[in-house]
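S.K.: sequence-free structure coming up:
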């Protein structure tokens, strides 16, 4: 990894960051008790199986593993751990740690040998984890992972040309709609606007569509669909910022036009308000993620529909996606066993089990083509949108993007600011933050 161990340790001691929530319903789990594994491990493990390949990867004698998992998805990991133990005779202990907290906790506990052997987190945390020397590259299974998973998933769990993750699920957003109000999902935002002119009534608090208009995560389609982007070279070039290019401004024209059918300040739209209005039938369509599926199904029953996001400027809508994946702690005492578990828990069968347990969207291409997914009208719609998504950049500079863009969008939406001026300002702020960051 071309990184001295003392630099990795220094990075872990100073590393701290915040993760922008994207609507996830996960709650912070209790802090786990320290693992009794790895108490003598003070340096990253070496992977000596690169040339031997996956077939030659044998678990260490006496291996046992600790795995971190979210409280909400533990029912899957409990089951997959039992299957893994039955196959390899390796005990697996599961500790509950919120995925968005795991890299921070790994940076604190990894060097001292107190962290889990296998961790899971959204891919936009990957860059900081890699630069801190916390992860073991996925060499033994890289060909298998690359072949079997979507391009977006592989891109999401790779950093600087190296595969680190074992993808297990994709997460993006799509268009929820109330079939009693909208007979057929709109194909374009022109269709949405036409419907809105007949349905929206601000005095009665009734709206054709609603989404978090000030949150870049949900508004990425209004940047990317006609050619905008965050960073160039698939999100890896911090010096190539595309939020204010000609393509982005074309999509933002559609964003501005939608204000005519959603005359609500961005600060007055939040998940709770939107959820209540959609459940009551006062909002006909909502751009949201799979975390709302259970509640919306309960509220609307057979009247609930989900479809890909309508086209923007005649182009397929490009959403943000997050790739949730397993990673192997570079300080693990049992690197072979840990890699075997990460691979075992991310196969086609494992991803289908995860879908069955929690309604996740697979990244495995065969799983996506299975009857289990294709015959589910809700998950298949998210899966279709996921095919037209881009993984959030995972380089550390992504942390510099959220605040400037989340300030520019309300200026455009609430105050009718010129999109070019607002996004030029945001782009310059990002550039300044990037250039001032110390590596």
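M.R.: Thanks, I have the structure now. Just so we're clear, the structure is a prediction, and the values are computed from it rather than from any experiment.

S.K.: bridging residues for the closest residue to residue 281 other than its chain neighbours?
M.R.: Nearest in space to residue 281, with sequence neighbours left out and distances taken as C-beta to C-beta, 6 or more residues apart in numbering, is residue 178 at 6.2 Å. Every C-beta, even on glycine, is put in place using the N, C-alpha and C of the backbone. Listed by DSSP bridges, the beta-bridge partners for residue 178 are residue 304.

S.K.: tell me, how many residues neighbour residue 375?
M.R.: Residue 375 has 9 neighbours, counted by other C-beta atoms under 10 Å.

S.K.: and it, backbone torsions?
M.R.: phi -90, psi 0 (degrees, to the nearest 10).

S.K.: mind listing what it touches?
M.R.: Residue 375 makes contact with no residue, according to C-beta atoms under 8 Å, 6 or more residues apart in numbering.

S.K.: before we move on, what about the one 3 residues further on?
M.R.: Residue 378 makes contacts with 293, 297, 304, 306, 359, as judged by C-beta under 8 Å, 6+ apart.

S.K.: which of the residues you listed fall in strands?
M.R.: 304, 306 (DSSP state E).

S.K.: with pLDDT added, can I get the contacts of residue 378 in a markdown table?
M.R.: Listed next are these as a markdown table, based on pLDDT from 0 to 100:
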| residue | pLDDT |
| --- | --- |
| 293 | 91 |
| 297 | 93 |
| 304 | 98 |
| 306 | 97 |
| 359 | 87 |
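
S.K.: can you say which of the contacts of residue 378 are buried?
M.R.: 293, 304, 306, 359 (16 or more other C-beta atoms under 10 Å).

S.K.: tell me the secondary structure for the most centrally placed residue in the chain?
M.R.: The residue lying closest to the centre of the chain (C-alpha atoms, centre = their mean) is residue 322, at 1.7 Å. Here residue 322 is recorded as strand under DSSP: H, G, I helix; E, B strand; the rest coil.

S.K.: in the sheet, which residues pair with it? Tell me.
M.R.: Residue 322 has these beta-bridge partners by DSSP bridges: residue 171.

S.K.: the strands in the stretch 101-250 of the chain, which residues?
M.R.: Using DSSP state E, counting those that start in this stretch, the strands of the stretch 101-250 of the chain run over 118-122, 158-159, 162-163, 166-171, 174-178, 207-210, 229-231, 237-242.

S.K.: for residue 393, find the nearest of the ones you listed.
M.R.: Proximity to residue 393 (C-beta to C-beta) singles out strand 229-231 among the strands of the stretch 101-250 of the chain, at 5.1 Å.

S.K.: surely the residue nearest to residue 281 is in contact with residue 303?
M.R.: Yes: with contact defined as C-beta atoms under 8 Å, residue 178 reaches residue 303; the gap is 5.6 Å.
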